[in-house]
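Asks: what would the 3D arrangement of this be:
(chains A and B)
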Amino acid sequence: MRQRFLTLSFATMFLVAACGGGGSSGAPSTAGTGASNPPVESENAFDPASISGSVTLGQWESSPAEGTALKSAIDAFSTAYPNIKVTQTTIPGDYRAAMVTKFGASDPPDLFYINAEYAPEWMSQGFLQPLDDYIQRQGFDTSKFFPDYLSIFQQDGTTYGLPKDGNTIAMAVNTDLVPTPPTTMDELVQVATSLKGKSGLKAPMCLNPSLDRGLAFLYAQGGSLLSADGSAPAIDSAESKTAVQWYMDLFKDGLGQTNTQLGDGWCGEALGKGDVAIAFEGGWLKGAMDAFPKIKWQFAEMPTGTSGQKVTINYTAAYGIGVDSKNQDQAWVLMQYLTGPEGMAKWTSGGIAVPSRSDVAVPQGFEVIVKGADYAKPGSGFMPGYPDVLKAFGDEFLKQITDKTYDAGPVVDATKAKISAVLAAQ
Amino acid sequence: MTAASARRPTKAASTRVGERQEALAGYALIAVPMLLFLVLNIGSILYAAFISLWKWNIRTGPVTFLGLNNYVNALTDSIFQAAVTNTVYYTVIWVPLTMALGLFLAVIVNQKIRGRTFFRGAFYFPAIASSAAISTIWIFIMNPFGLFNQVRGILGINPLFALIGFGPNQDWLGDYHTAMNGIIILNAWTTSGTFMIFYLAALQAIPHEVYEAAAIDGAGAWDTFRRITFPLLRPGHFFVATVGVIGGLQLFDQAVQIGNVDGAPANSLMTLVLYLYNAAFKRLQYGSAAAAGVLLFLIIFAATLIQRRLFEGREPTTA
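Replies: Below is the predicted model of the structure:
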């Protein structure tokens, strides 16, 4: 009698524990704040080592060196997870357009790149698989990602991508012509003025006539595009207008020219060919400058402006899984490796990319870039429809420069109108 | 074929059967291409018109019914209006320019000069070369410090350019005033070969007797061309103009290569097809893109109808 009672109660306890254990991992994840998740001990835990199968990786390849660096990371993955076979698919040409057609055909690669530029659109359109479940079940630590990299790939508290690397915009100076990089915007203007008319230089600085770099200057001089809660434009505030006019005056006073005016493909090329002494680019400049060995140069942090704080903008890309991807578990295993400390170290050791995690060693030469990640604001993907805002600003700004009228008023008006239109359409 | 009946006015049953067999054979042969045409061409147009009435998600299909809102939004969008203006401007300038060039080249290679086969090939070659490669080379040539500016500096003709307001390092393709004209010149050169071929065919359809008669009447070379050749080429003009307008209104390759996908500088290179491309792949608004496509179809259709009207009553009666 007693034995039967004990057996029954043990059996009941087992049943209750099993059912209860299955429900415990249903708690909402804290991925939105990037807090770390302790290892989950329930039966629903995800063990990457137990997964086998194959996974296709869709990527772009901006240079052969990038392909080599990624291959070494994938090889390290294959050693760590021998049961999963990775097939890389390089998508040539317009990556975004090609991927969108794949989403339309419900046949995307299992794992693929997502650039910050179109992350908001891809998340809104429902192309991407939410990752919070995997993150929580495995106990993947997302706290080490630089916060403003991860936030771009989250929408409404759900995580859709993990940043694979990240870049910030820094100042690059020709050390022969600028032995001490300026630390404030006023010093920058002084240095540029002193370089005006120097023989051999087409212009002191190479500047982009749009927000793709101008946003950093806007932030530094105390302006902003959106109000603090992101619900209204702030480009027409007094500080923002002054900031935009200040940036426009750099062109007016001949301190900076656009890359097309200089006859160069981009500002990095202008710096490398010795057309300018100062340019503003990200970590990708380092690989490009290797093709111009005669120029001695270094990175320096963005000068501080009237806002008094160090600020710059970041550009990043992430890995993501498609809603229609076939091998989602395997894709997650590859993603958690490549965005984890071990895989990212392998990927960034090739000197092509800069880590998006603070627990990965900084590759040599990128110290300034990674330092910027501490205080960088997102340079793209922080509002839906940003490419349209960028275009509205850039079109009008370029017109002002071409017509030599150098008036920031129309630029601010056009940008404000576009921001209002985009926000209203949400 | 069965033997025809000896009585002419009415046909024998065997002839009717033969004709029907022939007709069936004909339909069978064109059935497959006709089906493909109906499904892929006509079907696509109808499907696009359907998509243009909805807010459309490429994965899940129709989302919200918008009626004609996509059309209204497109027509009131300043970027779309810029696209229409640019595309029409391009077509109006580029078509006559390339027709003139093509005709000029055709007249030259129609003469019995040495090496004319080589010249025909050489003039036609740019039309079949890759448009992406040609656009890239053109960017280098038109660079502020590139070939064109350097050569005109060496030739000393810069003062002429200064008169019309262009400095020695004018950024032809980066300045929004001149970028579209730069593309017109590029495309006039590349497509002149194609138009040359069309005109060559039309030129060779003019019978010799007409020229002989003109020579007997004492007409000089220019008079012959102006009074005889040019008017007799009317079918050629019509064909070339129609093909040119249809192609011109769909300008895309060079605009996307040189204008960086968003019609830079300052929307001067935004064309209708580029607007459509951006709406579809950048903004993921497929209803909007489909509406732009339907509007483009209507514009081309109207242009072709107008041209038919213009050329209709004046078709000459050459063989």
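Asks: for residue B:174, give me the backbone phi and psi.
Replies: The phi/psi pair for residue B:174 (degrees, to the nearest 10) reads phi -100, psi -10.
Asks: residues near it, how many?
Replies: For residue B:174, the tally of surrounding residues (other C-beta atoms under 10 Å in any protein chain shown) stands at 24. All C-beta atoms are positioned from the backbone trio N, CA, C, and that covers glycine.
Asks: could you find the closest non-adjacent residue to the residue of the stretch 201-319 of chain B found nearest chain A?
Replies: Closest to chain A within the stretch 201-319 of chain B is residue B:281: 4.0 Å, counting by C-beta to the nearest C-beta. Distance criterion C-beta to C-beta, 6 or more residues apart in numbering or on different chains; nearest residue to residue B:281, sequence neighbours excluded, is residue A:97 at 4.0 Å.
Asks: just give me how far the strand or helix carrying the one you found sits from the chain centre.
Replies: Using DSSP states H and E, residue A:97 maps to helix A:95-104. Put simply, helix A:95-104 sits 20 Å off its chain's centre (C-alpha atoms, centre = their mean, to the nearest Å).
Asks: okay, buried residues for that helix please.
Replies: A:95-96, A:99-100, A:102-104 (16 or more other C-beta atoms under 10 Å in any protein chain shown).
Asks: what mean pLDDT does it get?
Replies: Helix A:95-104 carries an average pLDDT of 93.
Asks: quick check: closest non-adjacent residue to residue B:141.
Replies: Residue B:141 sits nearest to residue B:147 (C-beta to C-beta, 6+ apart), 4.6 Å away.
Asks: test my guess that the one you found contacts residue B:138.
Replies: No - counting by C-beta atoms under 8 Å, residue B:147 stays clear of residue B:138, with 10.1 Å between them.
Asks: by contact count, what packs against the host helix or strand of residue A:133?
Replies: Assigned by DSSP H and E, residue A:133 belongs to helix A:132-138. In terms of contacts (3 or more C-beta pairs under 8 Å, 6 or more residues apart in numbering or on different chains; DSSP states H and E), helix A:132-138 is packed against strand A:158-159, helix A:328-338.
Asks: export whichever helix or strand comes after the first one as PDB, just CAs?
Replies: Think strand A:158-159. Towards the C-terminus, the helix or strand next in line after strand A:158-159, according to DSSP H and E, is strand A:161-168. Output of strand A:161-168 as PDB, limited to C-alpha atoms (Å, rounded to 0.1, in the frame of the first residue of the first chain):
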ATOM      1  CA  GLY A 161      19.700  40.200 -36.000                       C
ATOM      2  CA  LEU A 162      23.000  40.200 -34.300                       C
ATOM      3  CA  PRO A 163      25.700  42.700 -35.400                       C
ATOM      4  CA  LYS A 164      28.600  40.900 -37.100                       C
ATOM      5  CA  ASP A 165      30.900  43.800 -37.000                       C
ATOM      6  CA  GLY A 166      30.700  47.500 -36.700                       C
ATOM      7  CA  ASN A 167      32.300  50.600 -38.000                       C
ATOM      8  CA  THR A 168      32.400  54.200 -36.700                       C
END
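Asks: now do the contacts for the nearest residue to residue B:166 once chain neighbours are set aside.
Replies: Spatial nearest neighbour of residue B:166, excluding adjacent residues (C-beta to C-beta, 6+ apart): residue B:178 at 7.9 Å. With contacts defined as C-beta atoms under 8 Å, 6 or more residues apart in numbering or on different chains, the neighbours of residue B:178 are B:166, B:170, B:172.
Asks: swap in residue B:83?
Replies: By C-beta under 8 Å, 6+ apart, the contact list for residue B:83 reads B:263, B:267, B:270-272, B:274-275.
Asks: that older thread, what's the mean pLDDT across the helix holding residue A:133?
Replies: Averaged across helix A:132-138, the pLDDT comes to 93.
Asks: show residues contacting the helix or strand following the helix holding residue A:97.
Replies: Sequence-wise, the next helix or strand downstream of helix A:95-104 (DSSP H and E) is strand A:111-115. For strand A:111-115, the external contacting residues (C-beta under 8 Å, 6+ apart) are A:55-60, A:95-96, A:99, A:122, A:128, A:153, A:160-161, A:164, A:317-322, A:325, A:331, A:334-335, A:380-381.
Asks: what is the mean pLDDT for strand A:111-115?
Replies: Strand A:111-115 carries an average pLDDT of 95.
Asks: how far is that strand from where the chain is centred?
Replies: Centre-to-centre, strand A:111-115 and its host chain are 12 Å apart (C-alpha atoms, centre = their mean).
Asks: swap in stretch A:350-367?
Replies: Mean C-alpha position of stretch A:350-367 versus that of the full chain (C-alpha atoms, centre = their mean) differs by 14 Å.
Asks: next, the buried residues of it.
Replies: Under 16+ other C-beta under 10 Å, the buried positions of stretch A:350-367 are A:350-357, A:360, A:362-363, A:366.
Asks: what do you get for stretch A:44-60?
Replies: Buried positions in stretch A:44-60, judged by neighbour count with 16+ other C-beta under 10 Å: A:46, A:48, A:51, A:55-60.
Asks: what's the answer for stretch B:17-36, then?
Replies: Under the neighbour-count criterion of 16+ other C-beta under 10 Å, stretch B:17-36 has residue B:18 buried.
Asks: also stretch B:298-317?
Replies: Buried, per 16+ other C-beta under 10 Å, within stretch B:298-317: B:299-300, B:303, B:307, B:311.
Asks: verify the stated contact: residue B:171 with residue B:144.
Replies: Yes - Residue B:171 is in contact with residue B:144 according to C-beta under 8 Å; the separation is 4.6 Å.
Asks: overlap in contacts, those two.
Replies: Residues touching both residue B:171 and residue B:144 by C-beta under 8 Å, 6+ apart: A:260-261, A:263.
Asks: walk me through the domains of chain A.
Replies: Following automatic domain parsing, one gets these domains for chain A: A:46-166+A:316-372, A:168-314+A:378-424.
Asks: which residue ranges of the stretch 101-250 of chain A form strands?
Replies: A:111-115, A:154-155, A:158-159, A:161-168, A:170-174, A:205-206 (DSSP state E, counting those that start in this stretch).
Asks: and chain A, which of the contacts of residue B:83 contact it?
Replies: Contacts with chain A within those, as defined by C-beta under 8 Å from any C-beta of the partner chain: residue B:267.
Asks: what's the helix or strand for the closest residue in space to residue B:99 that isn't next to it in sequence?
Replies: Nearest non-adjacent residue to residue B:99, counting by C-beta to C-beta, 6+ apart: residue B:240, 5.5 Å away. Secondary-structure element containing residue B:240, defined by DSSP H and E: helix B:234-248.
Asks: neighbouring contacts of that helix?
Replies: With C-beta under 8 Å, 6+ apart as the contact definition, helix B:234-248 has outside contacts at B:87, B:90-91, B:94-95, B:98-99, B:102, B:191, B:195, B:198-199, B:201-203, B:205, B:300, B:303-304, B:307-308, B:311, B:314-316, B:318.
Asks: so how far is the helix or strand just after it off the chain centroid?
Replies: Using DSSP H and E, the helix or strand that follows helix B:234-248 in sequence is helix B:253-258. For helix B:253-258, the separation from the chain centroid amounts to 16 Å (computed by C-alpha atoms, centre = their mean).
Asks: which strands and helices lie in contact with helix B:253-258?
Replies: Applying 3+ C-beta pairs under 8 Å, 6+ apart, one finds that helix B:253-258 contacts helix B:131-141, helix B:179-203, helix B:272-277.
Asks: the shortest one: what's the following helix or strand?
Replies: This means helix B:272-277. Following helix B:272-277 in sequence order, the next helix or strand is helix B:286-312 (DSSP H and E).
Asks: having no further points to raise, I will conclude here.
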